[in-house]
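Engineer: I would like the atomic coordinates for the input below:
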Amino acid sequence: MTCMVVCFRGAPGTSQAALQKERELDAHLESRVQQDQGAASLVAIFRCLASEVNPSLPPGGGLASKRAVIKEAYERLRRSYEAQMLVRTD
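Structural biologist: Numbering: from 1, shown residues only. Predicted coordinates for the structure are as follows:
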């Protein structure tokens, strides 16, 4: 399969407002993961986030399109928590 990308000189560029919204959404999702850190699993966090209405999620992709951001925040918190537990037991 071949994929060709065609770029035109007059094509619109990336919107700074859209990039800012994306950064704000990522920060919001990371803060929600931190709030739900008592949840036992990543699945529980996804269920909690899915139960909320968030109009700033991308249309067509929804929460699934932000899976990488949520998973990264969750794994970062888990590593931090595990490191704290190791320090306490030593």
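Engineer: could you dump stretch 62-69 to CSV, C-alpha only?
Structural biologist: Output of stretch 62-69 as CSV, limited to C-alpha atoms (Å, rounded to 0.1, in the frame of the first residue of the first chain):
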residue,chain,number,x,y,z
GLY,A,62,-13.7,11.1,22.2
LEU,A,63,-11.9,9.6,25.2
ALA,A,64,-10.3,6.9,23.1
SER,A,65,-8.3,9.5,21.2
LYS,A,66,-6.7,10.6,24.5
ARG,A,67,-5.8,7.1,25.6
ALA,A,68,-2.0,7.7,25.4
VAL,A,69,-2.2,10.9,27.5
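Engineer: gap between that stretch and the chain center?
Structural biologist: 6 Å (Cα atoms, centre = their mean, to the nearest Å).
Engineer: Okay, helices next: where are they in the protein?
Structural biologist: Per DSSP state H, the chain carries helices over the ranges 16-35, 42-50, 67-89.
Engineer: Leaving out the residues flanking it, which one is nearest to the residue nearest to the spatial centre of the chain?
Structural biologist: The centre of the chain sits closest to Val69, judged by Cα atoms, centre = their mean, with a distance of 2.5 Å. In space, and not counting its chain neighbours, Val69 is closest to Asp26: 5.0 Å by Cβ to Cβ, 6 or more residues apart in numbering. In short, each C-beta sits where N, CA and C put it, glycine included.
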